[in-house]
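Novice: dropping the sequence and predicted coords here.
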Amino acid sequence: MTELHKAPEADLPKPERVRPDEIEAAIRVLVRGDRAAARRFLDYARSTRLDLDQTWVVRNRDGGIDFTALAAPAAGRTAMVFGTRPNSKADVELAGNLLAAVAAGCRERDVDLAQALIDPSDQLEEAMFIAGGFRRLAQLDYLERPVPRFGTIASPDLPADIRIAPWDGDEHELIELLERTYEDTLDCPGLAGLRRTSDILAGHLAAGTREPSWWHVLRIDDVPSGVLLFNRGSDRHSIELVYLGLAPVARGRGLGRTLLTFGMAALDGDDARVVVLAVDRENQPAVRLYRRAGFRHSVRRTAMVRPLNP
C-alpha cells in the first residue's frame, strides 16, 4: 500500500474569510452546488439571526471557491462547525486546514469549544475534521416519541424522602447540582473539564425556549440530587429533553425513571407533536431508560469536538 504523505503547509492554498458579496456562492459550495439547499440555509440563517461572520473559503487558481467552512457561535461559548465534504482522500488535508482556520477564528469570538455532528458512516468527513484538529467525542443516538396524551403517563408516587419541583431560578445551586451529576457520568465522559459549568447552563437556557414548569429538580431530604430539563423546540412542534442527570447519592434507586416519568407526565396534552433527545450510545443505562419510556431511534451522528481554550 502506498503511504500517503502530507503536503507541505506552504503548498496548500491559504484559507481566507469570504467576502460579503460571496456568501451565497460560499454556501452553495458548502452544500455541494444545491441552490435550493443553499437558499434554505440562508433563509434559516436570516430567521434565526445566525452569525455568518466566521465563514471561510479556499480558492482555486482561478479565484473561484473550492471549499467552504463556517462556524455558528452559540450560547455557552460553543460554536457548531460545518465544512464542505471532500470528494477524495487527496482533498482531506486541504479541507482540514480550512477547518483549522475556522476554529482559530472562533477564538476571536470567545468560543471555548468547537463542535460538529457528522454521518458516522462517512469516513472522509471524519478524516477531514481530524485533519482540522477535531477528535471524536461520542456517537449520539437521536431518539423520539410522541408527546403523551390523555393521561397515558401517570405522575409517579414519590418515596417519602423524595420531592420533585420546578427549578426556583437559583443558578448557583443548579450549577453545583449539575457538577455533581457529572461525577462518574457515562454520558459523553470525554467532555469532562472542557467547559465551565456556567457555560453549560447558559447553553441549556438558550436551547429552544425554556418553559419554567418543565425544569425539574429532584431533592432527597431537601438536598438537590437530580435534574431534568425540557425545552420547547424552536420549530414549536417538538420538545427537547435537554438534560437528565442524577448525583451519585441518587443512583441505584430507580430515581432516573421516576424523574423521567414525572417530567413526561407534566408534558401531557401539549400542542407539540414529539419529544426528542440525544444520548451517548455507550451510555447503556440511559439508552435502556429511554427505550422503556417509549423513545425510538431516529438517526445517529458522530460528535466531533475541538477544545479552543487550553
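Specialist: Yep, that arrived.

Novice: and the pLDDT at residue 9?
Specialist: Looking at residue 9, its pLDDT stands at 55.

Novice: just residue 169 next, same as before
Specialist: For residue 169, pLDDT reads 96.

Novice: so is it in a helix, a strand, or just coil?
Specialist: Following DSSP: H, G, I helix; E, B strand; the rest coil, we place residue 169 in the coil state.

Novice: that one and residue 184, how far apart?
Specialist: Counting by C-beta to C-beta, to the nearest Å, the gap from residue 169 to residue 184 is 28 Å. To be clear about C-beta, it is placed using only N, CA and C from the backbone, and glycine gets the same treatment.

Novice: also residue 214?
Specialist: 27 Å.

Novice: can I assume residue 304 sits in a strand?
Specialist: Yes. Under three-state DSSP, residue 304 falls within a strand.

Novice: so it makes contact with residue 125?
Specialist: No. Contact criterion C-beta atoms under 8 Å: residue 304 and residue 125 do not qualify, at 9.2 Å.

Novice: the more surrounded of the two?
Specialist: residue 304 (24 against 21; other C-beta atoms under 10 Å).

Novice: where does the more buried one land on pLDDT?
Specialist: Residue 304 is given a pLDDT of 98.

Novice: who's more crowded, residue 214 and residue 184?
Specialist: Counted by other C-beta under 10 Å, residue 214 and residue 184 do not tie: residue 214 has more neighbours, with 21 against 9.

Novice: show residues contacting the host helix or strand of the more buried one.
Specialist: Here residue 214, judged by DSSP states H and E, is contained in strand 209-220. With contacts defined as C-beta atoms under 8 Å, 6 or more residues apart in numbering, strand 209-220 is touched by 161-168, 174, 177, 224-234, 239, 246, 249-250, 255, 258-259, 262-263, 266-267.

Novice: among those residues, name the buried ones.
Specialist: The neighbour-count criterion (16 or more other C-beta atoms under 10 Å) marks 162, 164, 167, 174, 177, 224-233, 239, 246, 250, 255, 258-259, 262-263, 266-267 among these as buried.

Novice: which of those fall within helices?
Specialist: In this view, the buried ones among the contacts of strand 209-220 that belong to helices under DSSP state H are 174, 177, 255, 258, 259, 262, 263, 266.

Novice: show me which of those residues is closest to residue 17.
Specialist: residue 174 (38.0 Å; C-beta to C-beta).

Novice: was I right about the closest one contacting residue 227?
Specialist: Yes. At 7.1 Å, residue 174 counts as touching residue 227 under the criterion of C-beta under 8 Å.

Novice: now the common contact residues for those two.
Specialist: 167, 217.

Novice: isn't residue 276 right up against residue 296?
Specialist: No. Between residue 276 and residue 296 there is no contact under C-beta under 8 Å: 10.9 Å.

Novice: show me which residues of stretch 95-104 are buried.
Specialist: 95, 96, 97, 98, 99, 100, 101, 102, 103.
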